[in-house]
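1. Following is a predicted model, sequence given first.
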Amino acid sequence: MKYFEYRHVVGFEETNIVGNVYYVNYLRWQGRCREMFLKTNAPDVLADLQDDLKLFTLKVDCEFFAEITAFDELSIRMRLVELGQTQIEFGFDYVRLDGDRGETLIARGMQRVACMRGPNTRTVPSRVPDALVAALAPYTAARVDAR
């Protein structure tokens with residue numbers, strides 16, 4: 001498998017009056033997917049975050065191909081796009097799981113993160129922790145084609 005998968009069922013609170021999902025939720029799901037990746041694959045990094053490591057989100061993006069509504073089942077698939085010395089870029093495919101009818105790519109997003117260390121008033125760039133590099137190795141850039 002070339003992506004980390006976080007599954008989600010869309011709730012009413014994530015939609016507007018006409019039933020479409022609010023844009024901000026796509027960004028929230030990126031963050032949740034990243035958190036679940038750390039919990040599952042890099043628990044040492046979680047401990048480091050409780051010390052002085054900080055993961056600052058520098059940039060997020062999301063492009064839409066289809067709409068989703070309440071109770072749609074999603075697979076948010078995270079992959080590693082770029083690994084620098086102090087920054088990481090993740091790619092996200094948002095796939096609606098259509099049961100027997102297969103899957104539909106509904107959106108694609110990205111997120112760039114910088115690793116920093118130090119107290120909040122004096123943070124400085126820091127190398128991506130070795131434990132995170134190792135955890136990300138199996139998830140290098142596999143994308144679903146937009147249809």
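-> That came through, no problem.
2. distance between the longest helix along the chain and the chain's centre?
-> Across the chain, the longest stretch assigned as helix under DSSP state H is helix 23-41. Between the centre of helix 23-41 and the centre of its chain there are 5 Å (Cα atoms, centre = their mean, to the nearest Å).
3. For it, buried residues please.
-> The neighbour-count check on helix 23-41 (16 or more other Cβ atoms under 10 Å) flags Asn25, Tyr26, Leu27, Trp29, Gln30, Cys33, Arg34, Met36, Phe37, Leu38, Asn41 as buried. Yep, even glycine has a C-beta here, placed from its N, CA and C like the rest.
4. which of those residues lies closest to Gln50?
-> Top of the list for closeness to Gln50, among the buried residues of helix 23-41 and by Cβ to Cβ, is Leu38 at 11.7 Å.
5. circling back: helix or strand next in line after the longest helix of the chain, which one?
-> Beyond helix 23-41 on the C-terminal side, the first helix or strand identified by DSSP states H and E is helix 43-50.
6. Look at Met116 and give its secondary structure.
-> Recorded secondary structure, Met116: strand (DSSP: H, G, I helix; E, B strand; the rest coil).
7. Let me see the confidence value for the residue nearest the centre of the chain.
-> Centroid check for the chain by Cα atoms, centre = their mean gives Gln30 as the closest residue, at 3.3 Å. According to the prediction, Gln30 has pLDDT 96.
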